[in-house]
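Novice: Coordinates for the following, if possible.
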Amino acid sequence: MLTSNIISHLKNQNWLAAIIDFIIVVSGIFVAIQVNSWNEGRVSKQQEKVILEQLYSDFSDNVDSVSSMALFHKNKASELDYVIDMVATDNLEPTSERAGNALMSMFQMPPISASMGTYKSLIATGDIGLIQDQELKSLLINLESKLEFEKSMLDYFRDMNMTNIEYVRGLVSVQPNPDRSGTFIKVDFERFRVDNYLLTVVASQERNHLVFSKIRGDVAQEFENVKTYIAKTLNKPQDGTSKGNVVN
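Specialist: Next up is the predicted model:
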């Protein structure tokens, strides 16, 4: 309607009316664009808040689970150190349950159980662009880098362990009790006396667990960093309980 009026005013050379109608049309378009842009921005903010809430929930759980894994490796190293001390002092106890359990499980390196579903979905769908905070994006990139490094090191240790697992086969065995009341774990400590390399294998695995405790402690700390930053963005209170679980 206004467009027709403008054309009519131009034909009649009514320049002032044409200019006024033109200004009204342009203003209307500008306002419509601004309203639409505001609505899109509001929707994007709401979507971003939902995403941050999901990431916060995921990463809060991950801080605890990955910290527990870091502590798991630290304890494994401590138990293997106990075995090394027994051999070094020649205080050998073939039926030591502690030594038997330590040697039997020394190659255990389970993968971390981290919830990354929300983050992976954001990457796959391209919705990562909904996160406007550049610092948060940098923290997420650092976290992803730590996770990739952890995975590559896990593969490396597992490959390295394959040969050693075969080498120590038979060192630990489960034997029936003489009274048939159950079983006990027996360690063939005589092999340590005749095979010096065997102690090297145990010491190497102790070191590997210490290294992996540090690696997974770093991953837990990265989860904590992202979680804390998101909490500040969402104005969530921080009680510090999770952070105390991070093992370095």
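Novice: rest of the way, CA atoms for contacts and neighbours
Specialist: Noted.
Novice: how would you label R180: helix, strand or coil?
Specialist: Three-state assignment for R180 (DSSP: H, G, I helix; E, B strand; the rest coil): coil.
Novice: what about the strands in the protein?
Specialist: Taking DSSP state E as the test, the strands found in the chain are 172-176, 183-187.
Novice: most packed of those strands?
Specialist: Comparing the strands of the chain on average neighbours per residue, with mean count of other Cα atoms under 10 Å, the densest one is strand 183-187 at a mean of 18.
Novice: Could you tell me the end-to-end distance of stretch 79-99?
Specialist: 7 Å (Cα to Cα, to the nearest Å).
Novice: what about that stretch, average pLDDT?
Specialist: The pLDDT scores in stretch 79-99 average 87.
Novice: could you measure Q47 against L122, distance?
Specialist: Q47 sits 12 Å away from L122, taking Cα to Cα as the criterion.
Novice: same thing with P178?
Specialist: In this view, P178 and L122 are 60 Å apart by Cα to Cα.
Novice: before we move on, the earlier item: would you list the strands of the chain in JSON lines and tack on distance to S152 and mean pLDDT?
Specialist: Shown next, in JSON lines, are the strands of the chain (distance: least, Cα to Cα, whole Å; pLDDT from 0 to 100):
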{"stretch": "strand 172-176", "distance to S152": "29", "mean pLDDT": "83"}
{"stretch": "strand 183-187", "distance to S152": "33", "mean pLDDT": "82"}
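Novice: about what we covered before: more neighbours, P178 and L122?
Specialist: Higher neighbour count among P178 and L122: L122, with 15 against 9, using other Cα atoms under 10 Å.
Novice: residues touching that one, list them.
Specialist: Counting by Cα atoms under 8 Å, 6 or more residues apart in numbering, L122 makes contact with I128.
Novice: Dump the C-alpha coordinates for stretch 112-127 into CSV.
Specialist: Listed next in CSV are the C-alpha coordinates belonging to stretch 112-127 (Å, rounded to 0.1, in the frame of the first residue of the first chain):
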residue,chain,number,x,y,z
ILE,A,112,38.0,-43.7,31.6
SER,A,113,34.2,-43.5,31.7
ALA,A,114,33.6,-39.8,30.7
SER,A,115,30.2,-38.5,29.6
MET,A,116,30.9,-36.6,26.3
GLY,A,117,27.5,-37.1,24.6
THR,A,118,26.4,-33.4,24.7
TYR,A,119,29.8,-32.1,23.5
LYS,A,120,30.1,-34.7,20.7
SER,A,121,26.5,-33.9,19.6
LEU,A,122,27.4,-30.2,19.4
ILE,A,123,30.4,-30.9,17.2
ALA,A,124,28.5,-33.3,15.0
THR,A,125,25.5,-31.0,14.4
GLY,A,126,27.5,-27.8,14.2
ASP,A,127,25.6,-26.4,17.2
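Novice: ok, and for it, which residues are buried?
Specialist: Using 16 or more other Cα atoms under 10 Å as the test for burial, stretch 112-127 gives 112, 114-115, 118-119.
Novice: can you check stretch 69-87 too?
Specialist: Buried positions in stretch 69-87, judged by neighbour count with 16+ other Cα under 10 Å: 69-77, 79-81, 83-84, 87.
Novice: Which of these fall within helices?
Specialist: Members of the buried residues of stretch 69-87 lying in helices (criterion: DSSP state H): 69-77, 79-81, 83-84, 87.
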